[in-house]
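1. Sequence first, predicted coordinates after that:
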Amino acid sequence: MVALATTRNDSDIIKWLSIANRYTRIALDRCLQPYRLNASLYYYILRLYEQPRLTQDKLISMTYLNPSNVTRAVNQLVDLGYVRKRQSKADKRVYELSLTKRGKRIYPDILRLRQTVADDLLAKFPTDQHDKLVAAIRQVALQAVANETVTDQD
């Protein structure tokens, strides 16, 4: 077995991703507060606007989250009047989700607020490097998902 050399900076990625996540969520929570939303809920409104009549199962597979967390979030959005949840006519075990008029109305505001938070986050990072940074973080995130999936199967 070959030992991989690591540097202090290799393990710092966990620290810095955690800090970036925490403070980004705080900023999103603050911006979304007037809508009674938070960083855990707004994402569902974006996906449902972009894919009307999405099933709850499909939403679960898109989010990489535990099904009970998605169910809880969907129920909160239903209670807030942003999402409609209907049993499928074709398959009674399946629930179709869609935005209400109220949910559709706030979509542009959420996009704008999310962009503002992203712009603030990247303000001092060279603009021509934004896409590369997002691609690298995406790759790290997908690797984390893949590692967890393998661990779950063991």
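-> Sure, I can see it. Numbering: from 1, shown residues only.

2. and Gln51, how many neighbours does it have?
-> Neighbours of Gln51 under the rule other Cβ atoms under 10 Å: 14. C-beta coordinates here come from the backbone N, C-alpha and C atoms, glycine included.

3. I should have written Leu28 there, sorry.
-> By other Cβ under 10 Å, 23 other residues sit near Leu28.

4. tell me which element it falls in.
-> helix 8-32 (DSSP states H and E).

5. Quick one: name whatever helix or strand follows that helix.
-> helix 42-50.

6. Who are the packing partners of that following helix?
-> helix 56-63, helix 67-79, strand 83-87, strand 95-99, helix 101-122 (3 or more Cβ pairs under 8 Å, 6 or more residues apart in numbering; DSSP states H and E).

7. Swap in 10 Å and give it another go.
-> helix 8-32, strand 54-55, helix 56-63, helix 67-79, strand 83-87, strand 95-99, helix 101-122 (3 or more Cβ pairs under 10 Å, 6 or more residues apart in numbering; DSSP states H and E).

8. Redo these as JSON lines? Include mean pLDDT.
-> Formatted as JSON lines, those follow (pLDDT from 0 to 100):
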{"stretch": "helix 8-32", "mean pLDDT": "89"}
{"stretch": "strand 54-55", "mean pLDDT": "90"}
{"stretch": "helix 56-63", "mean pLDDT": "87"}
{"stretch": "helix 67-79", "mean pLDDT": "94"}
{"stretch": "strand 83-87", "mean pLDDT": "93"}
{"stretch": "strand 95-99", "mean pLDDT": "94"}
{"stretch": "helix 101-122", "mean pLDDT": "96"}
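
9. So which of the ones you listed is nearest Gln143?
-> The closest of the helices and strands packed on helix 42-50 to Gln143 is helix 8-32. By Cβ to Cβ, the value is 11.1 Å.

10. Give me the residues contacting that closest one.
-> The contact list for helix 8-32 (Cβ atoms under 10 Å, 6 or more residues apart in numbering) reads 4, 37-43, 45, 106, 109-110, 112-114, 116-118, 120-121, 137, 140-141, 144.

11. Nearest residue to the middle of the protein?
-> The residue lying closest to the centre of the chain (Cα atoms, centre = their mean) is Tyr43, at 5.0 Å.
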